[in-house]
Structures are given as structure tokens and as C-alpha cells.
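[1] Generate a structure from the sequence data that follows.
(chains A and B)
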Amino acid sequence: MYDPEYVAARRVLLDALEALEGQSAALVLVGAQAVYVHTGPGTLAVAEYTTDADLAVDPRLLMSAPGLTAALKGAGFYLDEDAGAVGIWSSDQVIEGVVVPVTVDLLVPMALGGPGRRAARLDAAHGSRAAMKARGLEAALVDYAPTVVAALEPDDPRTFKIRVAGPAALLVSKVHKVAERVDAAVVGRRDRVKDKDALDILRLLRAADPSVVSMRLTTLTDDDLAGPVTTEAIGFLPALFGTADGPGSQMAARAAAGAEDPDVIAASCAALVGELLSVMERYRS
Amino acid sequence: MLLRMVRNIAFSDNKTLAAALAALSGLLPSQWRVQDRLAVIDCGADALVDVTAPDGRSATLSVEVKTRLDPKDVIRTLSRLATGCATPVVPVIASSYLGDRTRQRLREAGAGYIDFTGNVLLRLDDPAVYIERSGADRDPWRVDRPVRSLKGGTAARIVRVLVDFVPPLGVRQIAELAEADPGYVSRVVSMLGREDLVRRTGRGPVETIDWAALLRRWTEDYSLLDSNRVTQYLDPRGIDAFVARVRGATGVEYALTGSLVARTVAPVAPTRMAVCFVEDAADAGDVWGLVPAEAGANVLLVEPFDPLVYLRSRDIEGLRYVGLSQAGADLLTGPGRNPAEGEALLEWMRANESEWRVRP
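    This is a model prediction of the structure:
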């Protein structure tokens, strides 16, 4: 039996994929829902993903029609203008009798997002606030595999083939997120610290074969688009996760607190990152 | 040399050895020599002794002095004696008294023995010697003191038998099932009777057993963490990954205990600590790819104080688990939330007695 929030989150993802069917070649599923595709219902006693879905957009592959803004609005999505939302598309869903906005985020990798602070610069046909720029997603446009995604409710027959970012690409983007959050915490914005991304990294490392991820990461470092962010992410790993005391390991421990032994979580992060780095070292030499 | 106690009569190992060698010397013709090498010994024995015939031919005995040797320990003791010796040796056990079954096993294994009651067996091929003599069939130094605790492997085996099998159980039957001396079983049963954990009429069989209370009573003398050698490890991929690796690997003798057993019958909470008995923790940790852990352990590898923990293990879906009575005692004395899980397991055992308790 699935949690009603999961069911709604999947329904809204499918709504978005349906609306954007003409642009599916430019989309890659990233974020927690993509992690879940690789890890399955994990063994950690902590909820696997929140209710939002993240889609990476490759502006180079976007066609001029359908326009992203028009297509999503047509399917009942809206941008919360009062909150100044950019690329965060909401759809109101009833979950256990309460109306809740469930969101789909359209994200363009920084390297392809053009000038400007938050909004990605896309063809005018898509609208100026359709997608937001995000750091570290470049690798997801290189490392992915087509996967069939279906509804979680029996009376919804929809299935879509969507490209899902691979474990190596997800690792790169999650490491960038954790690094940003550690920086934010250092300059005093503790409220921005969300620990869940660090736990997603542990999930990925637990589920993935370290030699496969190492090989993929090594390939990504040689890629024109993904190379810089991948190299950067690998460079972040020792300081964030190299020890159980590292800020990344500690974020994962906090995210699991109550449900799992925080010491085990932190030590596991350090052990698996250590293993990954030493396998990569062997590949290089 | 360390003084050891044989019951309430003290013999030092070297006094026992000297007496044994003197007795051996007396049994051989006067021209034969029996000589302790007194040298640094490279094998597992207490002494290397040369037996030399008048024509100069000689054989070497590796003599081990035991204050006590139970039948079940014969093979283990002999295999230790045989290792590491540069030249061929004939193993000989010296003791104040060796029981009938112990002597029989030594004979079957090709070893010799000598005890103070006159039981002797020495067989040499070159020079040819065959000495066999019978002494006492009962230990003359034995003092039947009342048993006061359930410490040790033999008491533990008796407890496990009383929990695992449905009464009535006669003392001889318990002794056989527990591989224990009937006299000792009788004394343990008396003690348990005084504590009202078992009941028997006169010298008849044990008729009723309060197995749950008995298991709890055992945990006053046995503890998973204190009685055994426990090493902490981390499986960074989590407990389910650890269990999958255990299922896949061959060549490691093990039995899972603790929460992992509880969850086969009465799952309470997600398992946060895997506990597994193994013969050698370092070897098993290597084979299973575990990381030694100070803080943040999720796997405990436990070298048992006695092989009894493996008795009546259960194989379920490619995994070996200790018997429920063992798991109950381990949980009640285990770390973290284990004691609460132990209570839940005992509750399940009480409600489903016919599913695990068997007739002998």
C-alpha cells in the first residue's frame, strides 16, 4: 500500500509528462523520485521522497512548440506568482481530504541557462519564468536511461517512457546541493539546511555498484558539458563525506535521526564514499 | 607454573606430569628410559617425553596434562596437540582421573592416557610397546557439591535441553541430550528444583518445566555481551545487504541470533543491529566485507564461549538461525532495544509452544 502523498506525487508527475509529451526528448527525471527509481523501496526507515518531482530540461533539445508555460497551464498547473515562483509548477491535489499544492520543478543546468539570476533564458515561446537554473544538473543530460513510469493507483492506466538520470549523475547533482547547503549554513542561513539530500546520497551509494558508478563518473569528467560539475563534485566528496564527522555525513545522520542510528548512518556515508574514491583512484592509476 | 585445582585437591601441572612419568617408568622394564626433554616446546603439548628402549630406539610422547577432560573435548584437545611438532609424536593425556568415555575416545583416536587411579594406555610402534591397564571407573576425588550457578557450557546445554524439549525428561535422558555427566545433571536439576523452575517427584523424571522463568534465570549467569567475545562491525550498505551477503557466501560457519531471529516469528521493529555467532570474527568480517567499527556499528560478530549456541539451529530460506531459546537469552541480554524484543519473542513462544518445543 502506497502512502497517499506518493500516489499524488506520481499522479502529478504523470500529468506534467502528459502535458509535455511533445517535449519529452528534452526532459530527464532527476531529484528524489529519480533516486527512488534506482534504489526502490529502501531499507531506511525514512520516507523516500517528498511530494515534488524534478525534471531537468535540455534547452538545446526543446522545440518551439508546445510552449512549456502554455502546455503546463493547460493541464492545470500554475506558478505561485505571489511567492515569485520561477519554474516551480503547482497542481492542487486533494490528499486525505485536504487541498495541497503538489509541484513539478523544471530545472535547467546552470551551464545552459543563459544570463540572469534565477530564471533560465529559454526561447520566448516557453515563457520567461518556465524553468529555473540549477547547479550540478549538467551530468543528468549526459548520464540517463529511458525508464517506464506508471501510476500508483489502479484506475490510472497511464504509463510514460521518460529518461531517468543515472546514479552517477544524481550523485553529482546531490553533492552540489549538499555543498550549497553546507555553505548556506556556514554563512548563517541555517533555515536553508535541508538534510534529506545527504541521505539520498547514502541511498544511491548503498544501492549502486561502486565500480559502475566510478566508471561512469570518470566518463562524465571527460564530457564537455558534464565535466566541470562532475570534477567539482568529486572534489567536494572527501570534505563533505570522507569522515563520519564530515558535514555531509552529519546531514545524513540528522535526516535519519529517530528512525535509524545516526552513528551508523554517518559511518556508512564515510565508508561508502571512501570505497568509491578508492575505486576511482584505482581506475585512474 | 600455574597451580590449578582438581576439585578440592591441588595438583600443579608439573606435579601431575612428574607423577605420570614416574608411573610410566614403573610399568616399563627397568632398562627402558623415560625422559622429559625439559626443552622449549614448539608444539601445543605441556611436555615432550622420550621413551627409549635398551637398544637405543626411541619414540617421543607429547604429553598434555588436563585437570579434567570431557569426552566432547577429546578431539579438539588432540588436534591441538598434533599441530606444530617438528617430529612425529604420540599424544598422551595425563590427568588425575579420566572417565570411561573419555578413555574410549582417546583410544579410538590413537592417543595414549595415564591417570592416577591406574588407567593407562600406551601404544608405540617403534620401539614396540603395548601397555593397557584398568584403574578406577569412578572419579575417587569427586565431591558432589551442590550447584549454585548456571555458568559454563555444560549448565547452558542442560538449560537449553530443558527449554527446548517437552517433559517428562529423565535425568539420564537429559544427560544424553545435553552431552553432560548424569551426576552433574542431577545436581543442576536439584538446584532448579530448589528455585521452583522445574518439578519432579522423588528421583523420577522432571515433570514440569517453567521454561520462560528458566530462560530468564539462565540470563543471570549468561549474557550475550559479557559471556562471549563480541566485535563491532559496520555494513555500510545496511543490515538487509549484510543478510543477503551471508546467504550468498559459503565456507563461513555461523548462526544468526538476536532481532534477526525475532523477525522470523514475531517482528516488532525494524532490525537495527544484526548479531551473528561465528568461529572467527576477523575471518568472517573479511569474507562478508564488513568494516570494523568503534561507533556506528550495525553488525556484531560474536565468538561464542561454547559451541552450545549452535545447538538446534534452524535453517530458513538459506540462512542459519540459532534456536529460539538461544535467541531469547541473547535478546534479553543484548544491546539497545534487544531486551524488549526478547520479551516479545518469549510472548510469541508462550503463545505458540507447539511450533517450537519438541518431544525428545
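
[2] Can you tell me the element residue A:180 falls in?
    helix A:167-186 (DSSP states H and E).

[3] Would you mind listing the buried residues in that helix?
    Neighbour-count burial for helix A:167-186 flags A:167-179, A:181-182 (criterion: 16 or more other Cβ atoms under 10 Å in any protein chain shown). Heads up, the C-betas are built off the backbone N, CA and C, glycines and all.

[4] Tell me which other helices or strands it touches.
    strand A:27-30, helix A:31-39, helix A:196-207, helix A:210-221, helix A:227-241, helix A:247-256 (3 or more Cβ pairs under 8 Å, 6 or more residues apart in numbering or on different chains; DSSP states H and E).

[5] redo that, cut-off 6 Å
    If you count contacts as 3 or more Cβ pairs under 6 Å, 6 or more residues apart in numbering or on different chains; DSSP states H and E, helix A:167-186 packs onto helix A:31-39, helix A:196-207, helix A:210-221, helix A:227-241.

[6] OK, contacts around residue A:182?
    Contacts for residue A:182 (Cβ atoms under 6 Å, 6 or more residues apart in numbering or on different chains) come out as residue A:247.

[7] One more pass at 7 Å, please.
    Residues in contact with residue A:182, defined by Cβ atoms under 7 Å, 6 or more residues apart in numbering or on different chains, are A:240, A:247.

[8] gap between whichever residue of the stretch 101-250 of chain B sits closest to chain A and residue A:259?
    Nearest residue of the stretch 101-250 of chain B to chain A, counting by Cβ to the nearest Cβ: residue B:236, 3.8 Å away. According to Cβ to Cβ, to the nearest Å, residue B:236 and residue A:259 sit 17 Å apart.

[9] Residue numbers of the stretch 101-250 of chain B in contact with chain A?
    For the stretch 101-250 of chain B, the residues found near chain A under the criterion Cβ under 7 Å from any Cβ of the partner chain are B:234, B:236, B:237, B:238, B:240, B:241.

[10] what about the closest residue to the first one other than its chain neighbours, how many neighbours?
    So that's residue B:234. Distances taken as Cβ to Cβ, 6 or more residues apart in numbering or on different chains place residue B:293 nearest to residue B:234, at 3.9 Å, with adjacent residues excluded. Neighbourhood size, residue B:293 [other Cβ atoms under 10 Å in any protein chain shown]: 22.

[11] Ok, the one 3 residues further on next?
    Around residue B:296 there are 23 other residues, counting by other Cβ under 10 Å.

[12] What of the one 3 residues further on?
    Neighbourhood size, residue B:299 [other Cβ under 10 Å]: 24.

[13] Any figure for the gap between it and chain A?
    Distance check for residue B:299 against chain A: by Cβ to the nearest Cβ, to the nearest Å, it reads 10 Å.

[14] low-scoring stretches of chain B, by residue?
    For chain B, the stretches with pLDDT under 70 are B:1-12, B:39-43, B:82-84, B:143-144.

[15] what's the longest strand in it?
    Using DSSP state E, we find that the single longest strand of chain B is strand B:58-65.

[16] Comparing residue B:236 and residue A:259, which residue is more hemmed in?
    Per other Cβ under 10 Å, whichever of residue B:236 and residue A:259 has more neighbours is residue B:236, with 26 against 14.

[17] Contact partners for that one?
    Shown in contact with residue B:236 (Cβ under 7 Å, 6+ apart): A:268, A:271, A:272, B:291.

[18] So which of these sit within helices?
    In this view, these that belong to helices under DSSP state H are A:268, A:271, A:272.

[19] Neighbours of residue 74, how many?
    Unless you meant another one, I'm taking chain A. Counted with other Cβ under 10 Å, the neighbours of residue A:74 add up to 11.

[20] wrong chain, I was asking about chain B
    Residue B:74 has 22 neighbours, counted by other Cβ under 10 Å.

[21] Helix, strand, or coil at it?
    helix (DSSP: H, G, I helix; E, B strand; the rest coil).

[22] The residue in the stretch 151-300 of chain B that chain A sits nearest to is in what secondary structure piece?
    Residue nearest to chain A within the stretch 151-300 of chain B: residue B:296 (3.2 Å; Cβ to the nearest Cβ). Using DSSP H and E, residue B:296 maps to neither a helix nor a strand.

[23] okay, and for the stretch 101-250 of chain A, where does confidence drop off?
    In the stretch 101-250 of chain A, residues with pLDDT under 70: A:186-193.

[24] If we use 90, what do you get?
    A:101, A:116-117, A:152-153, A:180-197 (pLDDT under 90).

[25] Chain neighbours aside, what residue packs nearest to residue A:2?
    residue A:152 (4.9 Å).

[26] so what's the one you found up against?
    Counting by Cβ under 7 Å, 6+ apart, residue A:152 makes contact with A:2, A:6, A:7, A:10.

[27] do that again at 10 Å, thanks
    Contact partners of residue A:152, counting by Cβ atoms under 10 Å, 6 or more residues apart in numbering or on different chains, are A:2, A:3, A:4, A:6, A:7, A:8, A:9, A:10, A:11, A:14.

[28] Need the max-distance pair from those.
    Spatial extent of the contacts of residue A:152 (Cβ to Cβ) is set by the pair A:3 and A:14 at 16.8 Å.

[29] Tell me which of these two has more neighbours.
    Taking other Cβ under 10 Å, residue A:3 and residue A:14 do not tie; residue A:14 has more neighbours (20 against 13).

[30] what sits against the most centrally placed residue in chain B?
    Centroid-nearest residue in chain B: residue B:306, 4.5 Å away (criterion: Cα atoms, centre = their mean). By Cβ under 10 Å, 6+ apart, the contact list for residue B:306 reads B:152, B:153, B:154, B:155, B:156, B:157, B:222, B:227, B:228.

[31] Let's see that with 8 Å instead.
    By Cβ atoms under 8 Å, 6 or more residues apart in numbering or on different chains, the contact set of residue B:306 is B:152, B:153, B:156, B:157.

[32] Residue A:281: neighbour count?
    Residue A:281 - counted by other Cβ under 10 Å - has 10 other residues nearby.

[33] Check the gap between whichever residue of the stretch 101-250 of chain A sits closest to chain B and residue B:117 for me.
    Distances between the stretch 101-250 of chain A and chain B by Cβ to the nearest Cβ are smallest at residue A:206, namely 4.6 Å. Applying Cβ to Cβ, the value for residue A:206 to residue B:117 is 63 Å.

[34] mind checking how far the helix or strand containing residue B:91 is from the chain centre?
    If you go by DSSP H and E, residue B:91 is part of strand B:90-95. In terms of Cα atoms, centre = their mean, to the nearest Å, the centre of strand B:90-95 is set 20 Å apart from its chain centre.

[35] just checking, what packs against it?
    By 3+ Cβ pairs under 8 Å, 6+ apart, strand B:90-95 packs against helix B:13-27, strand B:58-65, helix B:74-82, strand B:112-115, strand B:120-124.

[36] Identify the residues contacting the fourth one?
    This means strand B:112-115. Applying Cβ under 8 Å, 6+ apart, the contact partners of strand B:112-115 are B:20, B:23-24, B:61, B:90-98, B:102-103, B:106, B:119-123, B:135.

[37] ok, now the last one?
    Outside strand B:120-124, the residues that touch it by Cβ under 8 Å, 6+ apart are B:23-24, B:27, B:51, B:59, B:61, B:90, B:92, B:103, B:106-107, B:110, B:112-114, B:129-133, B:135.

[38] Likewise for stretch B:186-194?
    Residues outside stretch B:186-194 that contact it (Cβ under 8 Å, 6+ apart): B:144-148, B:150, B:155, B:158, B:162, B:171, B:174, B:198-200, B:206, B:214, B:217.

[39] rewinding a little: please identify which helix or strand holds the residue of the stretch 101-250 of chain B closest to chain A.
    Counting by DSSP H and E, residue B:236 is part of no helix or strand.

[40] how far away is it from residue A:171?
    Residue B:236 is 15 Å from residue A:171, by Cβ to Cβ.

[41] Likewise for residue A:120?
    Distance from residue A:120 to residue A:171, by Cβ to Cβ: 23 Å.

[42] residues contacting residue 197?
    If you meant another chain, say so; for now it's chain A. A:174, A:177, A:178, A:181, A:251.

[43] nope, chain B please
    Applying Cβ under 8 Å, 6+ apart, the residues near residue B:197 are B:209, B:210, B:213, B:214, B:217.
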